[in-house]
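**Q** build me a model from this:
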Amino acid sequence: MPYKKDVMAYCSELSETAVKCGSVNTIVRRDDGTYYGDNTDYYGFRSTVESSGISVAGKKTLVLGSGGVSGTVINVLKDLGADPVIVISRGGEDNYENLERHSDAQIIANATPVGMYPNAGEAAVDIKRFPHCEAVFDVIYNPLRTKLMLDAEENGIPAFGGLHMLAAQAAKASSLFLDKEIDLPEKIRQACAMIRRDVENIVLIGMPGCGKSTIGRRLAELTGRTFVDSDEVIENVCGRSPEAIINEDGQDVFRNLESHAVREIMRRGPLPDGSTPGIVFASGGGCVERDENRVPLLENSFVVYVERPVSELEEEGRPISQNEGNQAVFERRREKYESWCDAKVKSGEHAAEEILELFEK
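**A** Residues are numbered from 1 along each chain as shown. Purely as a prediction, here's the structure:
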């Protein structure tokens, strides 16, 4: 990107797939010094759609974007029977200003870089404008779940990201480079699992006093990851405890600080060596009260709701709970705890081990 089309002129031979898609992403230097161009993105995206279990045959499909990968996505969808397949571009006949004419779309595939790191948190379209949508496919793999995907999931629509496509096209490219057959499905599964294990965060949500910090520190020990506590970060930056900030400046000021901390921690970017290792993050109990925290918390994370009976939660030192009562606070947050999480675990001695087992599945 962005030379998948331009590089075709330098290839002595092109695969049928590359010609059909109008782009090349894999080049093999042959023994005679000439270059053979192929398009393994086709295999990668087709593998993604087929492994999703979603049938696109006979369904109206929108492809967002007209760049290098768009032609590949279009060809895969047409070959799988999608009909009609309509390209949405900024300047074409079908564009982002007249999307209402396609509100009956059943499949949406994002082939744009909108929502990709470092501009995570953006979406090319508002999924709510497509009430008949049955599935969303996004070629972006960083973050693992884009805003478009998370918006789809929030509305009950299955969404599939670009990680599988990334691994599948790489497996196919490896077979070309090595000139031998590879067990592609198994290699794809292994690669996806390895990447997730390395880069995905483990985020703990739940009421104050449910044990997030204790469980988080144990998880960090078990995984060798860095443990980050939202309240500790805010206290280190501000020089005051969350309790003091709420009592002195009010809950809104604290929530603003908390939201800023969530964005900074979750979208911290790569380390100097280029790696992006996952962390264990204990969120503040009330971070779910700000909808703006949902996308940064979930986009690169396995989110676990730590449950503990309200009757066992302490109120001392927690001004919000002292003012409103734990039960009232819990009832206000319960739905978000439930809907934001990927898994639920009861607080207890072996909670960290249970979470790790779920994470590694």
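**Q** name every strand pairing with the longest strand anywhere in the chain and say which way it goes.
**A** Scanning the chain for the strand with the most residues, using DSSP state E, yields strand 301-307. In the sheet, strand 301-307 lines up against strand 201-205 (parallel), strand 343-346 (parallel) (DSSP bridges).
**Q** and those, which is most packed in?
**A** Of the strands paired with strand 301-307, the one with the most neighbours on average (mean count of other C-beta atoms under 10 Å) is strand 201-205, at a mean of 26. C-beta: built from backbone N, CA, C; applies to glycine.
**Q** in the helix or strand where A328 lies, which residues are buried?
**A** Element membership for A328, per DSSP states H and E: helix 326-340. Within helix 326-340, the residues scored as buried using 16 or more other C-beta atoms under 10 Å are 326, 329-330, 333, 336-337, 340.
**Q** so which elements touch that helix?
**A** Helix 326-340 sits against helix 294-298, strand 301-307, with contacts defined as 3 or more C-beta pairs under 8 Å, 6 or more residues apart in numbering; DSSP states H and E.
**Q** for the ones you listed, which one sits closest to L176?
**A** Among the helices and strands packed on helix 326-340, the nearest to L176 by C-beta to C-beta is strand 301-307 (33.3 Å).
**Q** in the next helix or strand after that closest one, what's buried?
**A** Downstream of strand 301-307, the first helix or strand assigned by DSSP H and E is helix 319-324. Buried positions in helix 319-324, judged by neighbour count with 16+ other C-beta under 10 Å: 319-321.
**Q** what about G121, how many neighbours?
**A** As a burial measure, G121 scores 18 neighbours (other C-beta atoms under 10 Å).
**Q** model confidence for it, exactly?
**A** As predicted, G121 sits at a pLDDT of 95.
**Q** cool, G91 as well?
**A** At G91, pLDDT is 86.
**Q** ok, I182 next?
**A** 87.
**Q** likewise the one 5 residues further on?
**A** As predicted, K187 sits at a pLDDT of 91.
**Q** again, but for S311
**A** Per-residue pLDDT puts S311 at 95.
**Q** for the strands paired with strand 301-307, give me TSV that also has distance to Q251.
**A** Output for those, formatted as TSV (distance: least, C-beta to C-beta, whole Å):
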stretch	distance to Q251
strand 201-205	18
strand 343-346	26
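**Q** can you put those strands in a markdown table and add mean pLDDT?
**A** Supplementary listing: these in a markdown table, determined by pLDDT from 0 to 100:
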| stretch | mean pLDDT |
| --- | --- |
| strand 201-205 | 98 |
| strand 343-346 | 98 |
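**Q** look up how far R267 lies from the residue nearest to Q106 when sequence neighbours are not counted.
**A** The shortest distance from Q106 to any non-neighbouring residue, by C-beta to C-beta, 6 or more residues apart in numbering, is to K59 (4.1 Å). Using C-beta to C-beta, to the nearest Å, we find K59 at a distance of 34 Å from R267.
**Q** please say which of these two ends up with more neighbours.
**A** Shown here are K59 and R267; by other C-beta under 10 Å, K59 has more neighbours (21 against 17).
**Q** now the helix holding A328: mean pLDDT?
**A** Across helix 326-340, pLDDT averages out at 97.
**Q** wait, what's in contact with the residue most central in space within the chain?
**A** Nearest residue to the geometric centre of the chain (C-alpha atoms, centre = their mean): R145, 1.4 Å. By C-beta atoms under 8 Å, 6 or more residues apart in numbering, the contact list for R145 reads 153, 159, 161, 298-300.
**Q** pass me the low-pLDDT residue ranges in the protein, would you?
**A** Within the chain, the segments meeting pLDDT under 70 span 1.
**Q** ok, R255 touching E292?
**A** No: judged on C-beta atoms under 8 Å, R255 makes no contact with E292 at a distance of 9.7 Å.
**Q** circling back to that earlier point, can you list contacts of the helix holding A328?
**A** Contacting residues not belonging to helix 326-340 are listed as 154, 205-207, 285-286, 288-289, 294, 297-298, 303, 305, 310, 313, 315, 320-321, 344 [C-beta under 8 Å, 6+ apart].
**Q** next: stretch 209-216.
**A** With contacts defined as C-beta under 8 Å, 6+ apart, stretch 209-216 is touched by 204-206, 227, 229, 280-283, 285, 306-308, 312-314, 318, 347-348, 351-352, 355.
**Q** buried ones among those residues?
**A** Taking 16+ other C-beta under 10 Å as the criterion, what is buried in the contacts of stretch 209-216 is 204-206, 227, 229, 280-283, 285, 306-308, 313, 318, 347, 351-352, 355.
**Q** what about the helices in the stretch 151-300 of the chain?
**A** Along the stretch 151-300 of the chain, the stretches classed as helices by DSSP state H, counting those that start in this stretch are 163-178, 184-199, 212-223, 230-238, 242-249, 251-266, 294-298.
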